Every structure is written in C-alpha cells, then in structure tokens.
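Asker: fold the following and give me the result.
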Amino acid sequence: MIPDRRKGIAVLGSTGVIGSLTLAIIAAHADKYRLVTMAAGRNVEKALEQAREFQPDYICMYDSAAAHELEARLDGCKVGCGREGLAEAAVYPSVDIVMMAVSGAVGLMPTLAAIRSGKDIALANKETLVLGGSVVMPEVSRHGVKLLPVDSEHSAIFQASRAERKSDLERIILTASGGPFVHMTIDEMAGITPERALCHPTWRMGPKITIDSATMMNKGLEIIEAMWLFNMPLDKIEVVVHPQSIVHSMVGFIDGSVLAQLGPADMKIPISYALGYPDRLDYCGERLDPAGIGSLTFEHPDEKRFPSLRLAREAAAKGGTAPGVMNAANEVAVDLFLKGKISFVAIAAVTEAVLSAHTVCSNPSLEELLNADKWAREAALCAVGCLH
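Answerer: Numbering: from 1, shown residues only. Prediction:
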C-alpha cells in the first residue's frame, strides 16, 4: 500500500468563514492536503455536507445535541463533542497542522493541546494569544512547532519581515479598515443596530469578528496578538485606518525603510500562506491591479469614538490577566448586542467597567488565566445590569 504523503489538516471552526475557505483550499489542492478532523459548533447541516465531501476520520460538534444528531445521520465517522472533542480533533495522530478558526477564548485549550502533541498551528483565533499568550508562546518554543498567523494583518507582517533580521525591525504598523462606522459621530453610534453593524464594507467575516471590527476592538486584540507573535513592545505597534483594505499591514526598520504587503481583500491568501509555508500555493482569484486601485488613504484612528482601541492598549500595558479579562468582557458584551439586549456603545462601556473592577494578577498560571476569564464573564453580566 502506497503511504499517503499529503499533509493532514485539522480544521477547528469548519462551518465558519475561515473554516469554509480552508476547506475550499484543501479541495483545490487535494494532492497536497487531506482533511483529517474537523470541528464545528451546532450547524449540523453544513457540517454534514462538509463531512460527506471530505470524509474526515473524526468530527467534533461543540454542542452535544448537534453531535448526537450528526452521529445519527452520518455513517462511518467518529463524532465527539464539547471541549474534550475539540482537543481530540486537535491532537489526532495523523494531523500535521491545525487550522484554529473557532471564535473566542474557547480556542486556547485545544491550541495548547495541539502544540503539546507536536502539531503546527495556523492561528486564525486571536483570542488565544490575548488570553493565554504568556502560556502559549513558551509551549511553542518548548515543543519546536510553528505558529503561523492567519489574520491578514499578522500574515502581512510575517511575510514582510520574513527575510529580514529581527534586530532590524523597529515598528509594526497595523492597518484597519475602520469598519462601517469609521466617520460616524458618537451620537450617531447610539442608534446602530446589529443588522447595520454586521455589514462590513470590505471583508466577509463571522458575526463576532465583524462586530469587533465595527467597534475597532478587533484591532485592539490584534495589537496584543502582535506583541506575542513578533515579540514587539506595545509602544512600537501603531494602528492606521486604511478603508481600502489593500495594504494589509506594514513593518518599519531601523534604517527608515517600510515594507508593506498588498493584496485583494481575500482571506484565502493568508490561509494559503499558512497552510503552504514555507512555500506559496497557486491562487485562482483575481490579481491586484495597481493601476486600478485609485488612491490609498491612511489616517489615525479616533480613540474617543472608538474607545475599545484605547481599552486594549490599557489592558496590554497592565499585562497579566488584564487582556484576557478585557477579551472575555467584550465577548459577553458583543453577544448581548447581537441579541439586542444592549446598545452598540454599551459594548465598550461594559468592557471598561469590568476591566476597571479587575485586580490584575501579573504572572498568572493557566488556571489563574481561566479563572480570570470566568470571573470577567460573570462581571460583564453584572455590569450590564448596572448600566440599566
């Protein structure tokens, strides 16, 4: 029997935007990759469709009822559920690289499990490093695995700095689309509905990250992620608003040079780069036409109108458990906004209230990080009650 030399892929978050695009890339390069395991939340119909097409060895449905339904309708595939199921999908023996595309802090534990079992990580879940960067990065070094960024901004930084000496890197410039409300006044923001906030002008993303983009919390989380990924001090990471989403980020060097990575607003490009690294995969999408771009504009973000960006910097400066607490409070607030229970501007207000009430643990263990995350979620619900 001829051995299968294709790279084994685990896709955690398979029914989301990043997960679905990853599966499309696997299908387009079936000679190079095989889907070994996948994990989803509760979308049984889409998971069933994916399972029938890709024939993975193992599937996790995070929701237990969804797992039972999928198992009843799918023959010949092992089905798990919950946190244990996520970890099993991540550490499956024939997996070589894990696409971590689940939403929120739930990605931390399966990421750690995968790293400890020697799997490379394609990281599309920034909350993992925001909450647990102090635990994750030492494990990456200890086990000698690759942690490859999938966010378009961090992929851009990784690509632009790859051939350079780390000692020559002076600063990171993260670009932000600004979301749909970049020039809206604070008073106008009070009436923003979830439907309006979910209409991003340039990117197609899941609901949580789309709302984070609208509040600019997404960029705040990316600042903290960049600190861990590139070992860069907070004061050396800048943010500029770039509505065209053509320049995905820039890096500055000690000689004054700035290198940028440009490309279409298509997440298949950074996903492909992470899966194929150190090689590049063929891209079948439309090429960037420099002459057709028109003008590229850049401006400083207004942190008075977008306080989430300021909160992220404050949390990063405090360090320890503060970034994870901020992240957890924001996750709760975003969920409540999407359910119509709080206003758009209350997302930042709830997050700030929780962060202000938190006593920071400076050098937390994993258990202390998880406890702080749990505390922040409970405190966020209490803060909502106080706002009313």
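
Asker: which pLDDT value belongs to the residue nearest to the spatial centre of the chain?
Answerer: For the chain, the residue sitting closest to the mean C-alpha position, by C-alpha atoms, centre = their mean, is N125 at 2.9 Å. Per-residue pLDDT puts N125 at 94.

Asker: repeat that for D187.
Answerer: 89.

Asker: and it, helix, strand or coil?
Answerer: Judged by DSSP: H, G, I helix; E, B strand; the rest coil, the three-state class of D187 is helix.

Asker: how close does it sit to R305?
Answerer: With distances taken as C-beta to C-beta, to the nearest Å, D187 is found 10 Å from R305. All C-beta spots, glycine's among them, are computed from the backbone N, C-alpha and C.

Asker: same check on G8?
Answerer: Taken as C-beta to C-beta, the span from G8 to R305 is 46 Å.

Asker: strands of the chain, start to end?
Answerer: For the chain, applying DSSP state E gives strands covering 7-12, 33-40, 58-61, 78-81, 97-100, 120-123, 147-149, 169-176, 237-241, 247-253, 258-262.

Asker: tabulate the ones you listed (JSON lines), appending distance to C361 and mean neighbour count.
Answerer: Listed next are those as JSON lines, based on distance: least, C-beta to C-beta, whole Å; neighbours: other C-beta atoms under 10 Å:
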{"stretch": "strand 7-12", "distance to C361": "28", "mean neighbour count": "26"}
{"stretch": "strand 33-40", "distance to C361": "30", "mean neighbour count": "26"}
{"stretch": "strand 58-61", "distance to C361": "31", "mean neighbour count": "25"}
{"stretch": "strand 78-81", "distance to C361": "32", "mean neighbour count": "19"}
{"stretch": "strand 97-100", "distance to C361": "25", "mean neighbour count": "28"}
{"stretch": "strand 120-123", "distance to C361": "24", "mean neighbour count": "24"}
{"stretch": "strand 147-149", "distance to C361": "24", "mean neighbour count": "24"}
{"stretch": "strand 169-176", "distance to C361": "27", "mean neighbour count": "22"}
{"stretch": "strand 237-241", "distance to C361": "24", "mean neighbour count": "20"}
{"stretch": "strand 247-253", "distance to C361": "31", "mean neighbour count": "22"}
{"stretch": "strand 258-262", "distance to C361": "37", "mean neighbour count": "16"}
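
Asker: next, format those strands as a markdown table and append distance to G292.
Answerer: Formatted as a markdown table, the strands of the chain follow (distance: least, C-beta to C-beta, whole Å):
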| stretch | distance to G292 |
| --- | --- |
| strand 7-12 | 34 |
| strand 33-40 | 33 |
| strand 58-61 | 43 |
| strand 78-81 | 47 |
| strand 97-100 | 32 |
| strand 120-123 | 31 |
| strand 147-149 | 28 |
| strand 169-176 | 19 |
| strand 237-241 | 22 |
| strand 247-253 | 15 |
| strand 258-262 | 13 |
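
Asker: out of those strands, nearest to M326?
Answerer: For those, the distance to M326 is smallest for strand 237-241, at 16.2 Å, taking C-beta to C-beta.

Asker: convert the C-alpha atoms of that closest one to CSV, please.
Answerer: The C-alpha coordinates for strand 237-241 follow below in CSV (Å, rounded to 0.1, in the frame of the first residue of the first chain):
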residue,chain,number,x,y,z
ILE,A,237,2.9,48.9,17.4
GLU,A,238,0.9,51.5,15.6
VAL,A,239,-2.6,51.5,14.0
VAL,A,240,-3.7,53.4,11.0
VAL,A,241,-7.1,53.4,9.4
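
Asker: contacts for it, please.
Answerer: Identification of contacts with strand 237-241 by C-beta atoms under 8 Å, 6 or more residues apart in numbering yields 171-178, 182, 219, 223, 226-227, 298-301, 309.

Asker: which of the strands of the chain sits closest to E331?
Answerer: Of all these, strand 97-100 sits nearest to E331, with 16.3 Å by C-beta to C-beta.

Asker: strand partners (parallel or antiparallel) of the closest one?
Answerer: Partners of strand 97-100 in the sheet, by DSSP bridges, are strand 7-12 (parallel), strand 120-123 (parallel).

Asker: make a markdown table from these and add distance to V325 to it.
Answerer: Listed next are the strands paired with strand 97-100 as a markdown table, based on distance: least, C-beta to C-beta, whole Å:
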| stretch | distance to V325 |
| --- | --- |
| strand 7-12 | 24 |
| strand 120-123 | 21 |
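
Asker: what lies in contact with the top helix by length along the chain?
Answerer: Counting residues, the longest helix found in the chain (DSSP state H) is helix 366-387. Residues outside helix 366-387 that contact it (C-beta under 8 Å, 6+ apart): 105, 108, 112, 131-132, 134-135, 321, 324-329, 331-333, 336, 341-342, 346, 349-351, 353-354, 357-358, 361, 364.

Asker: how about stretch 198-213?
Answerer: Contacts with stretch 198-213, where a contact means C-beta under 8 Å, 6+ apart, come from 16-18, 103-104, 176-177, 179-180, 194, 197, 214, 218-219, 221, 243-245, 265, 267, 308, 330-331, 334-335, 337-338, 347.

Asker: quick check: buried residues in that stretch?
Answerer: Residues 200, 202-203, 205-213 are the ones in stretch 198-213 that count as buried (16 or more other C-beta atoms under 10 Å).

Asker: what is the mean pLDDT for that stretch?
Answerer: The average pLDDT within stretch 198-213 is 85.

Asker: pull that stretch out as CSV, backbone CA atoms only.
Answerer: In CSV, the C-alpha atoms belonging to stretch 198-213 read as follows (Å, rounded to 0.1, in the frame of the first residue of the first chain):
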residue,chain,number,x,y,z
LEU,A,198,-22.9,43.2,10.5
CYS,A,199,-22.5,44.9,7.1
HIS,A,200,-18.7,45.2,6.8
PRO,A,201,-17.6,47.3,3.8
THR,A,202,-14.7,45.1,2.6
TRP,A,203,-14.4,41.8,4.4
ARG,A,204,-16.8,38.8,4.8
MET,A,205,-16.3,37.5,8.4
GLY,A,206,-18.2,35.8,11.2
PRO,A,207,-20.6,37.9,13.4
LYS,A,208,-18.3,38.3,16.4
ILE,A,209,-15.3,39.5,14.5
THR,A,210,-17.5,41.7,12.3
ILE,A,211,-18.8,43.5,15.4
ASP,A,212,-15.3,43.7,16.8
SER,A,213,-14.2,45.4,13.6
